[in-house]
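Undergrad: Model the structure of this input:
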Amino acid sequence: MNIFMTVKPTFYTKTLIFSVLLALIVIVLGAYTRLSDAGLGCPDWPGCYGHISVPEKVSDTNFERPLEQGKAWKEMVHRYVAGTLGVVILLILVMVLRKKTPVYQSKTLPIMLLLTVVFQALLGMWTVTLLLSPVIVSAHLVGGFTTLSILWWLLLNQLNHQHPTSTSNGMKVFAVIGLLLIIVQILLGGWTSTNYAALACGNDFPTCAGQWWPPMDFTSGFSIGHDSGTNYEYGVLESPARTAIQVAHRIGAAIVFTYLLTLSIKLLGFSFGRYKAMGAMLLLLLVLQVSLGMMNVILSLPITIAVAHTIVAALLLLTMLTINYSVLKG
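TA: So this is what the prediction gives:
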């Protein structure tokens, strides 16, 4: 049984589906660019060493950073796909304004979506000009997930053509808290990545550097200041600060796992097929995400596993949004 009963897809609905897939690709490319240390592959913005594409060589002395074509192409492909997504989102807004949607759609969300993408472009520029400042890079990551979330909610509005199913207020609150926990954990994951703290505990799990509670500096680890002119590539925090970030991420993961495991069991107990399906999907993604997190540490952050960890985080977010949409709107 399908989670949502659908009507024949219109051009608008197909555009939303395409945009969701494109947003996922942008998030994956962003993670791959960051994890392969290619965030400064092009030291300028929006071009690359003054060109619209990656040049064969650079003779301009205005660029202190030597050209590394592999890293530059990773960064530029990310920009090209993100730019394409921006154009598609503009098209979505135009269709909403012209009332070309199969189901009535308020203008508020599409306008918010376009404003988010514009701010994302600014964050992309600042990521380069402010030399990978963790605050900016983390905000850029959050913006990507926000874009994906709004697009998914717009799509749910078009696909949700079912008879309402009542749920208790307790379940609604439970689902909202679960969504908030996922958001906080994504923030912690982004902060861990942008501060290069993923291996702050070495390869130890569940202990950290052979200890259950190693020396940590939470104040420095979670300071959101920015020092002008500082190059944040490869991180600037001392070991106790990075350890604090990693341990906080692990504690958050344990809390989220326990809470969402309970939610998935509750959903599996419903007699309605769509709730059972969402519970099963949540449980599957939850186990997969925890497994990927452990492998990241034990295997010293292989890029394929690290990127997969980001993908599953996005899918968990979409699953929690779907659960919330279903229990809140029916």
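
Undergrad: ok, so what distance separates the most centrally placed residue in the chain from Leu282?
TA: Of all residues in the chain, the one closest to the mean position by Cα atoms, centre = their mean is Phe145, 4.0 Å from it. Distance of Phe145 to Leu282, computed by Cβ to Cβ, to the nearest Å: 17 Å. Where you see a C-beta, it was placed from the backbone N, CA and C, and this is true even at glycine.

Undergrad: Might you report the residue contacts of the residue nearest to the centre of the chain?
TA: Taking Cβ atoms under 8 Å, 6 or more residues apart in numbering, we find Phe145 in contact with Ile27, Ile186, Ala314, Leu317.

Undergrad: Only the buried residues of the helix or strand hosting the first one, if you could.
TA: Secondary-structure element containing Ile27, defined by DSSP states H and E: helix 11-35. Neighbour counts over helix 11-35 (16 or more other Cβ atoms under 10 Å) mark 12-13, 15-16, 19-20, 22-24, 26-35 as buried.

Undergrad: how's the chain carved up into domains?
TA: Domain assignment for the chain by automatic domain parsing gives 7-161, 168-330.

Undergrad: With mean pLDDT as new columns, can these be given to me in JSON lines?
TA: Output for those, formatted as JSON lines (pLDDT from 0 to 100):
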{"stretch": "domain 7-161", "mean pLDDT": "93"}
{"stretch": "domain 168-330", "mean pLDDT": "95"}
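
Undergrad: can you give me the strands in the chain?
TA: Counting by DSSP state E, the chain has no strands at all.

Undergrad: Can you give me the neighbour number for Pro46?
TA: 13 (other Cβ atoms under 10 Å).

Undergrad: typed the wrong thing, it's Ile251
TA: As a burial measure, Ile251 scores 11 neighbours (other Cβ under 10 Å).

Undergrad: Please compute how far the helix holding Ile27 lies from its chain's middle.
TA: 11 Å (Cα atoms, centre = their mean, to the nearest Å).

Undergrad: Tell me which other helices or strands that helix touches.
TA: helix 69-97, helix 134-159, helix 169-194, helix 303-329 (3 or more Cβ pairs under 8 Å, 6 or more residues apart in numbering; DSSP states H and E).

Undergrad: Any chance of a markdown table for these, columns distance to Leu261?
TA: Conversion of those to a markdown table gives the following (distance: least, Cβ to Cβ, whole Å):
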| stretch | distance to Leu261 |
| --- | --- |
| helix 69-97 | 33 |
| helix 134-159 | 22 |
| helix 169-194 | 10 |
| helix 303-329 | 12 |
